[in-house]
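**Q** Sequence and predicted structure, then a few things I'm wondering about:
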Amino acid sequence: VHWCESSARFFHEQKICIPVYHRKKMVGWQLRPPYECDWKLSRVPKYYTAPGTPKSKVFYNLGNAERYRVGVIMEGVTDVWSLGPQGVCTLGARVSGAQFKLFERKFKDWAGILLVDSDYKEKEPEAYAKLVAGAGDLNDKLKFGFCTVDLPSGDPGSLDRQFLRSFITEEAAKKNVTVSWKRR
C-alpha cells in the first residue's frame with residue numbers, strides 16, 4: 001500500500017492508496033481514509049475506486065491467495081488484511097460471474113469460502129440471496145468444497161485473525177468443506 005500525501009485532486013489527499021494487481025500488472029487502485037467513523041453519516045466515502053478499475057473481473061490479493069490451500073472471498077481490503085494472505089476481496093459488496101469463474105480456476109483443486117459481513121443479509125436480502133446462489137455453484141467444482149459463511153457480528157476487517165480463521169474452519173466443517181490454511 002501507499003500513502004497519498006498530496007494530489008492535483010484534493011479529494012485524493014491524505015488517503016491510503018491500495019493498488020490492485022491482476023497477473024502482476026496494476027489494473028487499478030482504491031483510496032481509503034486512514035481512520036474509522038460512522039461511514040453512513042460521513043460525507044467522505046470509506047473507499048474510492050479509481051475510474052476504469054475492472055472491479056467485476058479481478059480480486060484484490062489473488063496473486064498471494066492462490067499460493068494457499070483455501071481462498072476466502074470477502075468484501076473489502078481491510079478484511080483481507082485482517083484474515084491474511086488467503087483472503088481476496090471484490091472491492092465491493094457484489095461478486096460477479098466472472099469473479100466466480102476466476103476463483104474456480106485458481107482454487108479448483110482446493111477449497112473456497114465466501115465470507116459475508118454480518119449485516120449484509122439484513123440490509124440487502126435480494127442481493128444476498130443472489131450472492132449465495134452464485135456461490136452454491138462452486139461447491140461441486142472445487143475439490144475440497146466451497147461454502148458461504150455468515151459472520152454472526154462485526155466486519156471481518158475489525159476482527160482478530162485467529163478468531164476469523166477458527167470461526168471459518170468450524171462453520172465450513174459443518175457444511176462438509178475442508179479448510180487448510182497452509183501453503184500449497
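**A** Good, I have the coordinates.
**Q** going forward, measure contacts and count neighbours with C-alpha atoms only.
**A** Fine.
**Q** E171 and V149 touch, don't they?
**A** Yes - the criterion here is CA atoms under 8 Å, and E171 meets it with V149 at 6.5 Å.
**Q** Just want to know which of those two has more residues nearby.
**A** For E171 versus V149, the count of surrounding residues by other CA atoms under 10 Å is larger for V149: 21 against 18.
**Q** Could you confirm that one falls within a strand?
**A** Yes - when classified by DSSP: H, G, I helix; E, B strand; the rest coil, V149 is found to be part of a strand.
**Q** and the closest residue to it other than its chain neighbours, how many neighbours does it have?
**A** In space, V149 comes closest to L115 once its chain neighbours are excluded; the distance is 5.0 Å by CA to CA, 6 or more residues apart in numbering. By other CA under 10 Å, 22 other residues sit near L115.
**Q** swap in the one 3 residues further on?
**A** Counted with other CA under 10 Å, residues neighbouring S118 total 16.
**Q** which residues does it contact?
**A** If you count contacts by CA atoms under 8 Å, 6 or more residues apart in numbering, S118 has them with D150, L151, P152, S153, G154, D155.
**Q** what's the longest helix in the chain?
**A** With DSSP state H applied, the helix covering the greatest number of residues in the chain is identified as helix 161-174.
**Q** Would you map the helices across this protein?
**A** Shown for the chain, the helices assigned by DSSP H span residues 62-65, 77-83, 97-107, 120-123, 125-136, 161-174.
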